[in-house]
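Asker: show me how the following folds:
(chains A, B, C and D)
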2 protein chains.
Amino acid sequence: MPRDETARRTDGGAAVRRSLQLMWGGAPEPTRGPKPGLSVATIVRAAIDLADAEGLVALSMRRIAGALGVGAMSLYRYVPGKSELVDLMVDEVYSEDIADAEAAEGGWRQRLEACGRQEWALYLRHPWMLQIAQGRPMLGPNSMRSTDIALRAIDGIGLSEEEMLGAVVVLSSFVAGLAKTTIEAMQAADRTGISDEEWWEIQSEYVGPAVVAGELPMLTKVGEAGAFNSMFDHFEFGLQRVLDGLEVLIEHRRPTEG
Amino acid sequence: MPRDETARRTDGGAAVRRSLQLMWGGAPEPTRGPKPGLSVATIVRAAIDLADAEGLVALSMRRIAGALGVGAMSLYRYVPGKSELVDLMVDEVYSEDIADAEAAEGGWRQRLEACGRQEWALYLRHPWMLQIAQGRPMLGPNSMRSTDIALRAIDGIGLSEEEMLGAVVVLSSFVAGLAKTTIEAMQAADRTGISDEEWWEIQSEYVGPAVVAGELPMLTKVGEAGAFNSMFDHFEFGLQRVLDGLEVLIEHRRPTEG
DNA sequence: CTCTACTGTGTACAGCGTACTGCTCGAGTC
DNA sequence: GACTCGAGCAGTACGCTGTACACAGTAGAG
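Answerer: Numbers count the residues shown, from 1 in each chain, chains lettered A, B, ... in the order given. Purely as a prediction, here's the structure:
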């Protein structure tokens, strides 16, 4: 991707426009020439399947084209480049849960909690989502709808627009942040072929001296209590803490403003 | 990196051992042969500087070697591979704030808040930290010390070991998650050469119809209130909400156990 | 001195994204 | 029906990547 950056810097937003056009479906379809054998949707689907199955590192234009039985360059008839394709993949993935999210019921906490859980499940289904260095927040229809639904959950309970947005941001930041480390830890075993037991054994070989020297008192204490290997669910714990934190604000607002 | 995955899968943890050895300083220094002109620390420093200045995409072994005035392959005399070098970079970065973190004073909330702020500043200083797909949680001395300090902030206030770990995890997950999107948004303007105003103008060109159709009621409402362009600090807001959430738990524990 | 462990480098390979070129197909126009 | 020309598709090539491998030069150990 040598020319990627310079190209992007000089094209004055043309690539951005093309991306948005593809996501929002504003592309005029041609009348002349042979019928296209592929479609943007087919390519995006194949790319998602490949990324799900083999990870982001395996996602190359040649591999995608191979899975579709065409040459690598054929993809460029449908998509401007790989980075735009990734934008499309991301927005497509967000569409998966929209129906469920729309159907959520209950109070603000219950509905926001459902949003958090859905986002969490989404990341577990598509781990590559967290590895992509998006570089820019390309807002497609599905990701925007998803955000809209989350905002709807906490509308009308006394929060300002800024606070509502902040609430959604803090929740999804937590979910994304935890998902990233969790998924990386899960994938570690597969990639290295080292089990968790072997892993900690090797680690302790080197960490040991520092522990003995008393330089890591809390990690030692927490480790000896078995907190690293327990079934404690960090997602559930954190989710409730974040919601508790929002509840404090909401309860504080209610009597004065709402 | 064609052989990266397979190599990792077959070496049975040798690469992991080498990484740990480098981080924890357990490598025996050789006596024979010419004195090494470089050192691991020099290489790591150069790599961090390069990544800070030009981003992760520019971080190639050839570029690092060039900055040090040596051939690309010379680096492999000090470091097993690029991924191990990145591990070292990460741990080195964690060392920057340890002195300050050790010095923090006050109650649990004040000290934990300081940890969150430091991590936030760290990500802003080294944006590439969030783009690396670590693949496995390589625990170096500095990252472990950093975690230890954070745990110390909430020790002895009635939380179980698991809850203490959970508290640190939820805070740093939030910080990392928000930092990732924030940094990406900041870098977007540089990379694309499109200002925020132009950006929203282009976006609204396509999003507009959906807004008019009433499909995004909340985003419309929030946008019209100016919440997207305001000076509202999502980090400060979220930080307080997370700490509030933890406080709820701690206050609830105190009378019964602490 | 020789031996040998060690540093540093050049070359080579497989793979990447994609610019460019050319071939072939087929609907629109006459 | 013939011609035109936009459009789909593929091949080649370029510059980039990480790094395996072979080899040259150096300096402490014996």
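Asker: C-alpha only now, for contacts and for neighbours.
Answerer: Noted.
Asker: now the strands: where do they sit in the stretch 51-200 of chain A?
Answerer: Counting by DSSP state E, counting those that start in this stretch, the stretch 51-200 of chain A has no strands to list.
Asker: so where's it uncertain?
Answerer: For the stretch 51-200 of chain A, the stretches with pLDDT under 70 are A:134-138, A:189-193, A:195-196.
Asker: try 80 this time
Answerer: For the stretch 51-200 of chain A, applying pLDDT under 80 flags the ranges A:133-139, A:188-200.
Asker: up against DNA strand D, what does it have?
Answerer: A:69-74, A:77-78 (C-alpha under 7 Å from any atom of the strand).
Asker: okay if I get those as TSV plus neighbour count?
Answerer: TSV is the format used below for those (neighbours: other C-alpha atoms under 10 Å in any protein chain shown):
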residue	neighbour count
A:G69	9
A:V70	15
A:G71	15
A:A72	15
A:M73	11
A:S74	14
A:R77	12
A:Y78	16
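Asker: which residue is the nearest non-sequential neighbour of A:Y78?
Answerer: The shortest distance from A:Y78 to any non-neighbouring residue, by C-alpha to C-alpha, 6 or more residues apart in numbering or on different chains, is to A:V40 (5.9 Å).
Asker: can you tell me how far the one you found sits from B:A213?
Answerer: Shown here: A:V40 relative to B:A213, a distance of 25 Å by C-alpha to C-alpha, to the nearest Å.
Asker: now swap in A:M144 and tell me
Answerer: 14 Å.
Asker: so those two - more neighbours on which side?
Answerer: Counted by other C-alpha atoms under 10 Å in any protein chain shown, A:M144 and B:A213 do not tie: A:M144 has more neighbours, with 19 against 9.
Asker: contacting residues around that one?
Answerer: B:216, B:219 (C-alpha atoms under 8 Å, 6 or more residues apart in numbering or on different chains).
Asker: show me where the stretch 1-150 of chain A has its helices.
Answerer: A:4-10, A:14-24, A:40-54, A:61-68, A:82-94, A:98-103, A:108-125, A:141-153 (DSSP state H, counting those that start in this stretch).
Asker: for the fifth one, name the packing helices and strands.
Answerer: Meaning helix A:82-94. Packing partners of helix A:82-94 (3 or more C-alpha pairs under 8 Å, 6 or more residues apart in numbering or on different chains; DSSP states H and E): helix A:14-24, helix A:40-54, helix A:141-153.
Asker: pull out the buried residues from that helix.
Answerer: A:83-94 (16 or more other C-alpha atoms under 10 Å in any protein chain shown).
Asker: count of residues packed around the single nearest residue of the stretch 101-250 of chain A relative to DNA strand C?
Answerer: Minimum separation of the stretch 101-250 of chain A from DNA strand C (C-alpha to the nearest atom of the strand) falls at A:I132, amounting to 12.6 Å. If you count neighbours by other C-alpha under 10 Å, A:I132 ends up with 16.
Asker: same question, A:E96
Answerer: So A:E96, with other C-alpha under 10 Å, has 14 neighbours.
Asker: now A:A104
Answerer: Look at A:A104: counted by other C-alpha under 10 Å, it has 15 neighbours.
Asker: how far away is the nearest residue to it once chain neighbours are set aside from A:L165?
Answerer: Spatial nearest neighbour of A:A104, chain neighbours left out: A:R111 (6.0 Å); criterion: C-alpha to C-alpha, 6+ apart. A:R111 sits at a distance of 15 Å from A:L165 (criterion: C-alpha to C-alpha).
Asker: what of A:R145?
Answerer: 14 Å.
Asker: also A:V211?
Answerer: Going from A:V211 to A:L165 by C-alpha to C-alpha gives 43 Å.
Asker: quick one: which of those two has more around it?
Answerer: Legend: neighbour count by other C-alpha under 10 Å for A:V211 and A:L165, higher for A:L165 (24 against 16).
Asker: look up the closest residue to the more buried one, ignoring the ones flanking it.
Answerer: A:L151 is the one closest to A:L165 (C-alpha to C-alpha, 6+ apart), at 6.9 Å.
Asker: show me the contacts for the residue lying closest to A:R152 once chain neighbours are set aside.
Answerer: What sits nearest to A:R152 in space, not counting adjacent residues and going by C-alpha to C-alpha, 6+ apart, is B:M218, at 6.2 Å. By C-alpha under 8 Å, 6+ apart, the contact list for B:M218 reads A:148-149, A:151-152.
Asker: give me the buried entries from these.
Answerer: Buried, going by 16+ other C-alpha under 10 Å: A:148-149, A:151-152, out of those.
Asker: TSV for these, including distance to DNA strand C?
Answerer: Formatted as TSV, those follow (distance: C-alpha to the nearest atom of the strand, whole Å):
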residue	distance to DNA strand C
A:D148	31
A:I149	33
A:L151	34
A:R152	37
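Asker: with only the CA atoms kept, save stretch A:162-174 in CSV.
Answerer: The C-alpha trace of stretch A:162-174 is given here as CSV (Å, rounded to 0.1, in the frame of the first residue of the first chain):
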residue,chain,number,x,y,z
GLU,A,162,-24.4,15.7,25.5
GLU,A,163,-24.8,13.4,28.5
MET,A,164,-26.9,11.0,26.5
LEU,A,165,-24.2,10.8,23.9
GLY,A,166,-21.6,10.5,26.7
ALA,A,167,-23.5,7.6,28.2
VAL,A,168,-23.5,5.7,25.0
VAL,A,169,-19.9,6.4,24.4
VAL,A,170,-18.8,5.3,27.8
LEU,A,171,-20.7,2.0,27.6
SER,A,172,-19.4,1.1,24.1
SER,A,173,-15.9,2.2,24.9
PHE,A,174,-15.9,-0.2,27.8
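Asker: okay, and A:E236 sits in which element?
Answerer: Per DSSP states H and E, A:E236 falls inside helix A:234-256.
Asker: give the buried residues for that helix.
Answerer: A:234-235, A:237-247, A:249-250.
Asker: do you have the helices of the stretch 151-258 of chain A handy? List them.
Answerer: Per DSSP H, counting those that start in this stretch, the stretch 151-258 of chain A carries helices over the ranges A:161-192, A:196-212, A:217-224, A:234-256.
Asker: could those helices go into JSON lines alongside distance to DNA strand C?
Answerer: JSON lines is the format used below for the helices of the stretch 151-258 of chain A (distance: least, C-alpha to the nearest atom of the strand, whole Å):
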{"stretch": "helix A:161-192", "distance to DNA strand C": "18"}
{"stretch": "helix A:196-212", "distance to DNA strand C": "21"}
{"stretch": "helix A:217-224", "distance to DNA strand C": "34"}
{"stretch": "helix A:234-256", "distance to DNA strand C": "33"}
